[in-house]
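Student: Sequence and computational prediction follow.
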Amino acid sequence: MAKGVLSAVRLPLFLVALLYSSVGYSAQCDPLLDEKGAVGQSQSFEHQFDSGARWQMCWHIDDYAGLTLSQIAYGAPQEPLRTVLKTGALAQILFKYDADTTATQVLSQKGLGANNHVPASTFGCTDGDVHSLGNVRICVKLRNKNSLTSLRRSQSIRRHELSLHALSISGAQRFEQVWRFSEDGEITPSVRLGGELDRFTHHPAYGSPISSKDVLAANASLLFTWRLDFNIAGTTNNDLVEQFEFVPHADNSVKRSINTQVLNVESFHSVNRTQFRGWLIKDADEYAGASGTTRIGYYLDPQSSGFDFVNQQHHWANYSLAVSRSRDCEQLASGNDSHVNDCASNLDEYVNSESLQNEDIVVWFSLAKPLIPKSEDYPAISTREAYFKLIPFDWSASTPFSELGE
């Protein structure tokens with residue numbers, strides 16, 4: 001078992017409540033309801049770093065989305081636990097070969113759970129700890145991110161990272177979902193693509209050479225979309241989403257002004273790489289420190305978004321971000337009506353300019369990645385990873401880590 005990793009099954013919940021105070025958080029996992037109204041289970045999980053920083057959450061493997069996290073809460077050293085996310089999970093993977101006109105909707109057509117979930121003990125969990133919930137098993141790892149610089153860095157700026165891993169096989173491809181939780185409160189959701197090449201072509205416009213033979217491996221594009229239902233500080237209907245841009249001055253390219261815009265209605269938005277566009281999700285009432293001047297939140301940094309996904313079949317897929325009202329039945333970005341009755345089908349139907357004021361807001365974020373095979377991808381695909389960061393913003397009036405000393 002990885003050092004410092006505790007399962008809530010081994011630590012009684014009443015003891016957790018005695019150890020830590022919390023703001024808007026319950027250590028008890030809520031029951032899960034599927035589309036037929038059946039009650040399922042999720043597993044509680046917690047971890048405390050040596051610094052005193054800690055994470056608590058619940059997890060389960062959804063038949064379609066795979067690894068799904070809920071009731072995610074973070075507590076900085078000497079600070080109470082605060083809820084960050086009500087739920088976080090993949091909402092769709094679009095896999096489109098260049099020669100095709102339609103994309104495979106991996107989650108709604110095949111799914112990453114049920115029979116496609118590979119238990120952690122099967123695919124290995126090196127330097128990690130296997131956590132089980134019935135017949136599903138995930139891998140939990142603890143990583144020291146200081147590497148060779150640990151001797152030079154003071155304790156106050158050292159950093160460790162907890163990660164949850166779940167593997168799924170869909171056809172010839174392997175999708176490993178990874179959620180990383182840093183000691184300083186940062187969250188990094190990611191998907192790692194592996195497996196084997198399973199499609200080839202003789203048309204040079206649609207393929208790439210992988211050997212001296214005439215056959216080419218087919219090129220493809222992928223779009224990974226996450227559904228993030230924020231619930232900062234445990235208050236449901238008072239989160240705000242602000243769009244940030246850093247605009248260069250007309251007469252001085254070094255200087256930039258910060259433009260902000262509150263997203264008040266359901267809408268779609270794209271990454272603007274020249275102006276470093278990003279999005280801040282913050283609580284309208286929860287303030288950091290006694291001054292009451294900084295609203296706590298998380299900044300969605302799309303720094304790894306270097307490609308665009310262009311698709312005529314799915315209008316929503318041409319955008320990087322969507323914001324919508326939370327509705328329990330709206331779980332997948334597309335193909336949602338294939339397994340949920342009496343609900344909309346896709347993001348194009350969810351997002352219809354309704355007001356977001358005093359509503360539970362869901363953020364849908366998409367990342368595009370190309371699959372252009374090379375010789376080293378045959379027969380096994382070299383791992384590709386799509387990820388983005390959620391960075392804590394004004395979580396405390398001062399840095400709690402500085403109080404730990406040198």
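Tutor: Sure, I can see it.
Student: What distance do you get for residue 252 to residue 171?
Tutor: Distance, residue 252 to residue 171, by CB to CB, to the nearest Å: 52 Å. For every residue, glycine as well, the C-beta is placed using N, CA and C.
Student: from the chain's centre, how far out does stretch 377-389 sit?
Tutor: Stretch 377-389 sits 17 Å away from the centroid of its parent chain (CA atoms, centre = their mean, to the nearest Å).
Student: ok, which stretches of this structure are helices?
Tutor: Ranges of helices within the chain are 13-19, 106-109, 120-123, 347-350, based on DSSP state H.
Student: Of these, which shows the lowest average pLDDT?
Tutor: Mean pLDDT is lowest for helix 13-19 among the helices of the chain, at a mean of 33.
Student: tally of neighbours for the closest residue to residue 110 other than its chain neighbours?
Tutor: With sequence-adjacent residues excluded and distances taken as CB to CB, 6 or more residues apart in numbering, residue 110 is closest to residue 170, at 4.7 Å. Residues contacting residue 170 under the criterion other CB atoms under 10 Å number 19.
Student: Also the one 10 residues further on?
Tutor: Residue 180 is flanked by 19 other residues according to other CB under 10 Å.
Student: hang on, it packs against residue 165?
Tutor: No - between residue 180 and residue 165 there is no contact under CB atoms under 8 Å: 9.7 Å.
Student: give the contact list for residue 87.
Tutor: 68, 69, 70, 227, 228, 229 (CB atoms under 8 Å, 6 or more residues apart in numbering).
Student: And the pLDDT at it?
Tutor: The model's pLDDT for residue 87 equals 96.
Student: Now do the contacts for residue 61.
Tutor: Contacts for residue 61 (CB under 8 Å, 6+ apart) come out as 67, 68, 113, 117, 133, 136, 138, 166.
Student: run the last query once more with 7 Å
Tutor: Listed by CB atoms under 7 Å, 6 or more residues apart in numbering, the contact partners of residue 61 are 67, 113, 117, 136, 166.
Student: what pairs with it across the strands?
Tutor: Using DSSP bridges, the bridge partners assigned to residue 61 are residue 67.
Student: Also residue 160?
Tutor: Here residue 160 sits in beta bridges with residue 144, as judged by DSSP bridges.
Student: In this structure it contacts residue 183, no?
Tutor: Yes - with contacts counted by CB atoms under 7 Å, residue 160 reaches residue 183, the gap being 4.7 Å.
Student: Now for the chain: which strand has the highest residue count?
Tutor: strand 81-97 (DSSP state E).
Student: That one: how far from the chain's middle?
Tutor: Taking CA atoms, centre = their mean, one finds the center of strand 81-97 at 5 Å from the center of the full chain.
Student: any idea which residue sits dead centre in the chain?
Tutor: Centroid check for the chain by CA atoms, centre = their mean gives residue 189 as the closest residue, at 3.2 Å.
Student: and that one, what is it in contact with?
Tutor: For residue 189, the contacting residues are 88, 179, 226, 387, 388, by CB under 7 Å, 6+ apart.
Student: about what we covered before: pick the one among the contacts of residue 87 closest to residue 380.
Tutor: residue 68 (28.0 Å; CB to CB).
Student: How about the closest one: what's its closest non-neighbour residue?
Tutor: Using CB to CB, 6+ apart, the nearest residue to residue 68 is residue 89, at 4.0 Å.
Student: Neighbours of the one you found, how many?
Tutor: 26.
Student: That one bridge partners, please.
Tutor: Beta bridges link residue 89 to residue 68, residue 227, judged by DSSP bridges.
Student: which residues of this protein score low on pLDDT?
Tutor: For the chain, the stretches flagged by pLDDT under 70 are 1-27, 33-40, 146-158, 212, 253, 287-294, 306, 396-406.
Student: that older thread, any chance of the contacts of residue 61 in a markdown table with distance to residue 106 as columns?
Tutor: A markdown table is the format used below for those (distance: CB to CB, whole Å):
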| residue | distance to residue 106 |
| --- | --- |
| 67 | 14 |
| 113 | 12 |
| 117 | 14 |
| 136 | 19 |
| 166 | 14 |
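Student: of those, buried ones?
Tutor: Buried subset of the contacts of residue 61 (neighbour count, 16 or more other CB atoms under 10 Å): 67, 113, 117, 136, 166.
Student: quick one: the closest residue to the fourth one other than its chain neighbours from residue 213, how far?
Tutor: So the one you mean is residue 136. Using CB to CB, 6+ apart and skipping residues adjacent in sequence, the residue nearest residue 136 is residue 61, 4.4 Å away. Per CB to CB, residue 61 is found 40 Å from residue 213.
Student: Residue 232 now?
Tutor: Taking CB to CB, one finds residue 232 at 55 Å from residue 213.
Student: between those two, who's got more neighbours?
Tutor: Neighbours were counted for residue 232 and for residue 213 using other CB under 10 Å; residue 232 has more, 27 against 8.
Student: The closest residue to that one other than its chain neighbours: neighbour count?
Tutor: Nearest residue to residue 232, sequence neighbours excluded (CB to CB, 6+ apart): residue 283, at 4.1 Å. With neighbours defined by other CB under 10 Å, the count for residue 283 comes to 24.
Student: follow-up on the earlier one: surely the residue nearest to residue 68 is in contact with residue 64?
Tutor: No - when contacts are counted by CB under 7 Å, residue 89 is not listed as touching residue 64 (9.2 Å).
Student: For residue 82, give its distance to residue 235.
Tutor: Look at residue 82 and residue 235: by CB to CB, they are 10 Å apart.
Student: which one of those two has more residues nearby?
Tutor: Counted by other CB under 10 Å, residue 82 and residue 235 do not tie: residue 82 has more neighbours, with 23 against 16.
Student: Confirm for me that that one is in contact with residue 72.
Tutor: No - taking CB under 7 Å as the definition, residue 82 is not a contact partner of residue 72, at 10.2 Å.
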